[in-house]
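Q: What follows is a predicted structure for the sequence shown.
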Amino acid sequence: MEPIQQKAILVGVNLNNQPDFEYSMEELGNLAEACEVEVVGQLTQNMERVNKSHYIGTGKVEELGGLFRGLEANLIIFNDELSPSQLRNLEADLECKVIDRTILILDIFEKRAKTREAQLQVEVAQLQYMLPRLVGLRESLGRQGGGVGMHNRGSGETRLELDRRRIEEKISALNKELESLVFQRQTQRKQRKKNELPVVSLVGYTNAGKSTIMNAMLEAYSAAGPTGEKAVFEKDMLFATLETSVRSIQLEDHKSFLLTDTVGFVSKLPHHLVKAFRSTLEEVSEADLLIHVVDYSNPKYEQLIRITEDTLKDIGVTDIPTIFAYNKCDLAGVDIPEVKEKSVYLAAKPRIGMTELVDLIRSSVFKDYVTCEMLIPYDRGQVVSYLNEHASIHATEYENEGTRLSLECRLQDFEKYREYVIE
Ligand SMILES: Nc1nc2c(ncn2[C@@H]2O[C@H](COP(=O)(O)OP(=O)(O)OP(=O)(O)O)[C@@H](O)[C@H]2O)c(=O)[nH]1
């Protein structure tokens with residue numbers, strides 16, 4: 001049987017004239033599209049306070065009903081998370097299926113989750129969202145069939161049969177499994193910290209081009225050679241990346257850093273989801289430098305920057321030095337590459353401006369490098385090999401007492417081999 005095409009009306013409340021309201025409605029449309037829902041209409045209301053029972057005013061509920069019937073829609077999507085009773089009241093009065101922004105995002109995340117950790121994180125967030133809404137969901141399912149939302153899938157339906165206690169037990173079991181995966185990742189992270197390589201994290205609004213920048217860097221500077229490290233997934237869709245990938249980058253002069261790519265942001269990222277993804281997002285909070293990737297071809301790019309900055313604040317990431325990478329400039333009609341203080345204008349897909357980006361990273365994360373000369377006795381050949389691998393060697397001479405290196409190295413290597421330094 002052909003699946004029923006979902007036709008939705010978007011509903012938004014602009015509370016106290018929010019500057020980003022219009023964009024958040026546009027974004028809701030994109031989220032709906034990502035769930036293969038066709039948007040057929042939109043209704044908005046300016047309010048100072050939301051209506052407790054129906055979220056929108058009673059007159060607007062009537063207007064919405066008229067619009068819904070007139071446009072032959074079969075779904076209503078609210079731009080904010082609704083309370084369980086608001087969902088119930090709206091569905092009862094409008095006699096149709098009502099969902100909110102949260103469930104839409106959870107649905108996309110469910111589709112995109114590839115690793116076990118991401119799948120568990122999404123499932124925990126879904127169950128936590130579902131818990132207080134069990135009664136409403138059951139009623140709504142009794143009335144409607146098919147459509148968007150986890151609770152309409154096969155596995156979702158069986159989940160609905162579980163009572164509150166069993167759901168709670170399930171959440172705690174999933175959290176336990178998650179904890180052990182998180183523990184493994186934290187151990188890996190500690191191990192990486194021991195190597196003391198600086199960590200550079202790509203952050204930004206979903207679809208800005210973070211994965212493309214990572215792949216461009218890997219191509220040019222992968223520590224394992226041009227094809228050594230696995231490319232990350234890049235695609236023109238919202239939330240293509242839900243997991244954190246870490247790759248090591250080694251520049252020509254042997255300076256190395258770790259580059260991480262993580263989940264993209266969107267406005268009003270559901271609270272349960274942020275909580276569930278906290279461990280993934282932790283990677284960002286421990287970075288030495290952030291590269292905030294911006295889709296410069298989007299006319300609303302300033303709003304997207306604000307959304308990303310707000311989300312970073314929400315997850316407790318403040319005070320990390322940041323470089324702005326204004327990406328997709330090939331579509332924006334500006335001259336590239338161009339560098340302005342802590343920003344670079346580039347196009348990662350056609351690989352324009354990558355060197356300029358790397359130079360900015362270099363000047364930010366490799367501040368504690370020391371230029372010096374060392375004289376290393378011939379019986380300490382392993383020190384020479386180590387420095388050849390980890391430092392930038394400017395000149396090598398073989399003298400009677402040993403190998404004389406003129407080099408630039410990390411401060412800790414300078415301290416470690418201080419006895420060989422020629423003042
Ligand atoms: N024209 C153009 N397209 C680009 C550029 N950089 C990235 N893209 C395209 O933009 C889309 C999204 O790129 P990704 O690298 O997957 O974006 P992302 O920020 O990792 O996305 P999420 O995983 O959703 O957070 C892909 O189709 C890329 O090919 C660019 O410089 N120019």
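A: That came in fine, so what should we check first?
Q: what residue ranges in the stretch 201-350 of the chain are flagged as low confidence?
A: 222-243, 279 (pLDDT under 70).
Q: Distance of the residue of it found nearest the ligand relative to Ile77?
A: Here the residue of the stretch 201-350 of the chain nearest the ligand is Gly264; by CB to the nearest ligand atom that distance is 2.4 Å. In short, each C-beta sits where N, CA and C put it, glycine included. Here Gly264 is placed at a distance of 21 Å from Ile77 (CB to CB, to the nearest Å).
Q: who has more neighbours, the two?
A: More neighbours surround Ile77 than the other of Gly264 and Ile77, with 27 against 24 (other CB atoms under 10 Å).
Q: So that one: helix, strand or coil?
A: Recorded secondary structure, Ile77: strand (DSSP: H, G, I helix; E, B strand; the rest coil).
Q: so who does it touch?
A: Applying CB atoms under 8 Å, 6 or more residues apart in numbering, we find Ile77 in contact with Ala8, Ile9, Leu10, Val11, Leu28, Ala32, Val37, Val98, Ile99, Asp100, Arg101, Leu104.
Q: give me that answer again for 6 Å
A: Contacts for Ile77 (CB atoms under 6 Å, 6 or more residues apart in numbering) come out as Ala8, Leu10, Ile99.
Q: Quick one, grab the pLDDT at the nearest residue to Arg49 once chain neighbours are set aside.
A: Nearest non-adjacent residue to Arg49, counting by CB to CB, 6 or more residues apart in numbering: Leu15, 7.6 Å away. Model confidence at Leu15, given as pLDDT, is 92.
Q: partners of Leu15 in the sheet?
A: Met47 (DSSP bridges).
Q: can you list the residues of the stretch 301-423 of the chain near the ligand?
A: Residues of the stretch 301-423 of the chain lying near the ligand by CB under 6 Å from any ligand atom: Asn327, Lys328, Asp330, Leu331, Ala347, Ala348, Lys349.
Q: one more time with 8 Å
A: Contact residues, the stretch 301-423 of the chain versus the ligand (CB under 8 Å from any ligand atom): Asn327, Lys328, Cys329, Asp330, Leu331, Leu346, Ala347, Ala348, Lys349, Pro350, Ile352.
Q: The fifth one and Ala348: what is the separation?
A: The gap separating Leu331 from Ala348 is 12 Å, by CB to CB.
Q: who's more crowded, those two?
A: Neighbours were counted for Leu331 and for Ala348 using other CB under 10 Å; Ala348 has more, 26 against 13.
Q: Please tell me how far that one sits from Thr308.
A: 17 Å.
Q: cool, Glu91 as well?
A: As defined by CB to CB, Glu91 lies at a distance of 34 Å from Thr308.
Q: between those two, which one's more packed in?
A: The neighbour comparison of Glu91 against Thr308 (other CB under 10 Å) goes to Thr308, with 23 against 20.
Q: can you give me the strands for the stretch 1-150 of the chain?
A: Along the stretch 1-150 of the chain, counting by DSSP state E, counting those that start in this stretch, strands occupy 7-15, 38-47, 75-78, 98-100.
Q: Compile the ones you listed into TSV and extend it with columns for distance to the ligand.
A: Converted to TSV, the strands of the stretch 1-150 of the chain look like this (distance: least, CB to the nearest ligand atom, whole Å):
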stretch	distance to the ligand
strand 7-15	21
strand 38-47	20
strand 75-78	20
strand 98-100	21
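Q: Could you dump those into CSV with distance to Tyr301 added?
A: Below are those laid out as CSV (distance: least, CB to CB, whole Å):
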stretch, distance to Tyr301
strand 7-15, 21
strand 38-47, 23
strand 75-78, 25
strand 98-100, 27
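Q: which one of the ones you listed lies closest to Lys340?
A: With CB to CB as the criterion, Lys340 lies closest to strand 7-15 of the strands of the stretch 1-150 of the chain, at 34.3 Å.
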